[in-house]
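1. Build me a model:
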Amino acid sequence: MRYLTSGESHGPKLITIIEGLPAGMPLLAEDINKELARRQKGHGRGRRMQIETDTVEIGGGIRHGYTLGSPVSLIVENNDWKHWTKVMGQDPIDEAEANEIKRKISRPRPGHADLNGAIKYGHRDMRNVLERSSARETTVRVAAGAVAKKLLDLLGIKVASHVVEIGGIKSNITNYESIEKLKEITENSPVRCLDEEAGLKMMNAIDEAKANGDSIGGVVEVIVEGMPIGVGSYVHYDRKLDAKLAAAIMSINAFKGVEIGIGFEAARKPGSEVHDEIIWDQEKGYSRRTNRLGGLEGGMTNGMPIVVRGVMKPIPTLYKPLKSVDIDTKEEFTASIERSDSCAVPAASVVAEHAVAWELAAAIVDQFYADRFEGLAANIAEHNRHAREF
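-> A predicted model of the protein is given here:
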């Protein structure tokens with residue numbers, strides 16, 4: 001299972017095409033739209049989210065509420081496009097028209113793809129780079145992830161996320177009663193934090209950063225319950241599921257680190273405090289007494305909840321910009337200012353949730369029979385029965 005995305009931040013629309021979904025899986029636009037709405041929320045979001053109301057148009061691959069087995073295309077219109085039709089239009093323009101466009105960018109922003117991308121593709125106007133490298137593209141990544149989440153949910157696999165740290169302020173609550181309770185609390189928190197007191201401090205830190213023309217980052221955590229044992233593989237490096245999850249998290253804009261389970265803490269503990277003892281009972285079969293390895297061993301799921309964390313750096317677009325060099329004049333300037341957020345960590349937790357959901361759904365579809373959804377569900381049910389009785 002795979003997908004591609006297309007579109008620019010201020011272009012007319014964003015598009016994704018998903019290939020490999022089983023036929024006969026129920027899927028509605030509202031399944032996707034509710035996830036797109038979650039991505040737009042969060043304390044610290046900028047003015048762009050006041051302009052856009054992201055909703056999906058299904059362009060193909062679904063009939064009467066069910067997937068056909070053919071590629072599914074999803075389209076999200078950019079409402080802000082009407083203000084950018086001349087700047088971002090597809091038709092050729094002459095030199096006089098080009099000179100009228102005041103949005104050319106020759107001053108790269110530190111921390112962005114601007115300069116590296118311009119050198120790579122030979123763009124003298126770095127708007128050609130930042131329009132695609134913008135986190136606006138995560139809109140359709142969430143749309144694709146929403147389809148994956150629907151598939152997982154139908155198979156009894158639950159996915160959720162929360163924020164554990166923003167600007168050095170950490171949540172003191174990491175345990176949760178159930179994944180449904182976790183969702184209930186985080187959906188009612190402006191910063192998607194389980195700890196209400198820490199959440200208030202996080203919001204204050206975001207407001208302070210905004211007032212100072214600065215930005216702050218943080219840490220998000222994704223939790224998945226119900227994955228079958230043995231998804232992934234130890235046989236080849238490129239089939240290890242933990243590697244795929246790490247790559248998925250690192251592919252999100254501004255993410256600079258990832259850990260699974262206790263992650264880097266494992267370097268500071270003896271093996272007896274890192275590995276999870278194996279237990280067995282008649283009803284559940286095999287499980288672990290603890291979950292310090294985050295549900296993955298040897299590149300495969302072990303039946304415990306999957307726990308993945310990602311580190312998001314502060315957004316590099318600052319209202320008190322850092323120094324840079326104009327690529328046309330080679331003179332030192334303050335970097336260009338583009339409309340941006342002071343903190344996008346709460347929204348990024350939703351993006352991370354969908355990036356993880358996609359990798360897990362893709363791994364399931366790749367490993368089990370998946371031409372028809374009913375066959376996939378039956379195949380996984382039989383696999384789970386085998387794992388319990390093994």
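2. elements contacting the helix or strand harbouring residue 311?
-> Per DSSP states H and E: residue 311 is located in strand 306-312. Here strand 306-312 touches strand 218-225, helix 241-250, strand 255-260, helix 345-367, going by 3 or more Cβ pairs under 8 Å, 6 or more residues apart in numbering; DSSP states H and E. C-beta: built from backbone N, CA, C; applies to glycine.
3. tell me what the longest one is packed against?
-> Based on contacts counted as 3+ Cβ pairs under 8 Å, 6+ apart, the elements that helix 345-367 packs against are helix 29-39, helix 138-154, strand 158-166, strand 218-225, helix 241-250, strand 306-312, helix 373-389.
4. what would those look like in JSON lines with distance to residue 366?
-> Below are the helices and strands packed on helix 345-367 laid out as JSON lines (distance: least, Cβ to Cβ, whole Å):
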{"stretch": "helix 29-39", "distance to residue 366": "22"}
{"stretch": "helix 138-154", "distance to residue 366": "12"}
{"stretch": "strand 158-166", "distance to residue 366": "18"}
{"stretch": "strand 218-225", "distance to residue 366": "17"}
{"stretch": "helix 241-250", "distance to residue 366": "10"}
{"stretch": "strand 306-312", "distance to residue 366": "17"}
{"stretch": "helix 373-389", "distance to residue 366": "11"}
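5. now for those, which one comes closest to residue 77?
-> Proximity to residue 77 (Cβ to Cβ) singles out helix 138-154 among those, at 10.4 Å.
6. and that closest one, which residues are buried?
-> Using 16 or more other Cβ atoms under 10 Å as the test for burial, helix 138-154 gives 138-152.
7. Ok, which of the helices and strands packed on strand 306-312 comes nearest residue 27?
-> Nearest to residue 27 among these is helix 345-367 (12.3 Å), distances taken as Cβ to Cβ.
8. Output the closest one as PDB - backbone C-alpha positions only.
-> Coordinates of each C-alpha in helix 345-367 appear next as PDB, following Å, rounded to 0.1, in the frame of the first residue of the first chain:
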ATOM      1  CA  VAL A 345       3.300  20.900  18.400                       C
ATOM      2  CA  PRO A 346      -0.400  20.100  19.200                       C
ATOM      3  CA  ALA A 347      -1.200  19.900  15.500                       C
ATOM      4  CA  ALA A 348       2.000  17.900  14.800                       C
ATOM      5  CA  SER A 349       0.800  15.300  17.300                       C
ATOM      6  CA  VAL A 350      -2.200  14.700  15.000                       C
ATOM      7  CA  VAL A 351       0.100  14.500  12.000                       C
ATOM      8  CA  ALA A 352       2.300  12.000  13.800                       C
ATOM      9  CA  GLU A 353      -0.700   9.900  14.800                       C
ATOM     10  CA  HIS A 354      -1.700   9.600  11.100                       C
ATOM     11  CA  ALA A 355       1.800   9.000   9.900                       C
ATOM     12  CA  VAL A 356       2.100   6.000  12.300                       C
ATOM     13  CA  ALA A 357      -1.400   4.800  11.400                       C
ATOM     14  CA  TRP A 358      -0.400   4.700   7.700                       C
ATOM     15  CA  GLU A 359       2.700   2.700   8.300                       C
ATOM     16  CA  LEU A 360       0.800   0.100  10.500                       C
ATOM     17  CA  ALA A 361      -2.000  -0.200   8.000                       C
ATOM     18  CA  ALA A 362       0.400  -0.600   5.100                       C
ATOM     19  CA  ALA A 363       2.300  -3.200   7.000                       C
ATOM     20  CA  ILE A 364      -0.900  -5.200   7.600                       C
ATOM     21  CA  VAL A 365      -2.000  -4.900   4.000                       C
ATOM     22  CA  ASP A 366       1.400  -6.000   2.800                       C
ATOM     23  CA  GLN A 367       1.600  -9.000   5.200                       C
END
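9. List the buried residues in it.
-> 345-365, 367.
10. Going along the chain, name the strands of the stretch 1-150 of the chain.
-> For the stretch 1-150 of the chain, the strands defined by DSSP state E, counting those that start in this stretch occupy 2-6, 13-19, 56-60, 62-63, 66-67, 72-77.
11. mind showing which ranges of the stretch 151-300 of the chain have poor pLDDT?
-> Judged against pLDDT under 70, the stretch 151-300 of the chain has no low-scoring part.
12. so which of the helices and strands packed on strand 306-312 comes closest to residue 327?
-> strand 255-260 (25.1 Å).
13. I figured residue 278 was touching residue 288, is that so?
-> Yes: using Cβ atoms under 8 Å, residue 278 is in contact with residue 288, at 6.2 Å.
14. Give me the more crowded residue out of those two.
-> Taking other Cβ atoms under 10 Å, residue 278 and residue 288 do not tie; residue 288 has more neighbours (18 against 11).
15. measure the residue nearest to that one when sequence neighbours are not counted to residue 363 for me?
-> Once flanking residues are discounted, residue 288 sits nearest to residue 276: 3.8 Å by Cβ to Cβ, 6 or more residues apart in numbering. Distance, residue 276 to residue 363, by Cβ to Cβ, to the nearest Å: 21 Å.
16. ok, now residue 235?
-> Distance, residue 235 to residue 363, using Cβ to Cβ: 14 Å.
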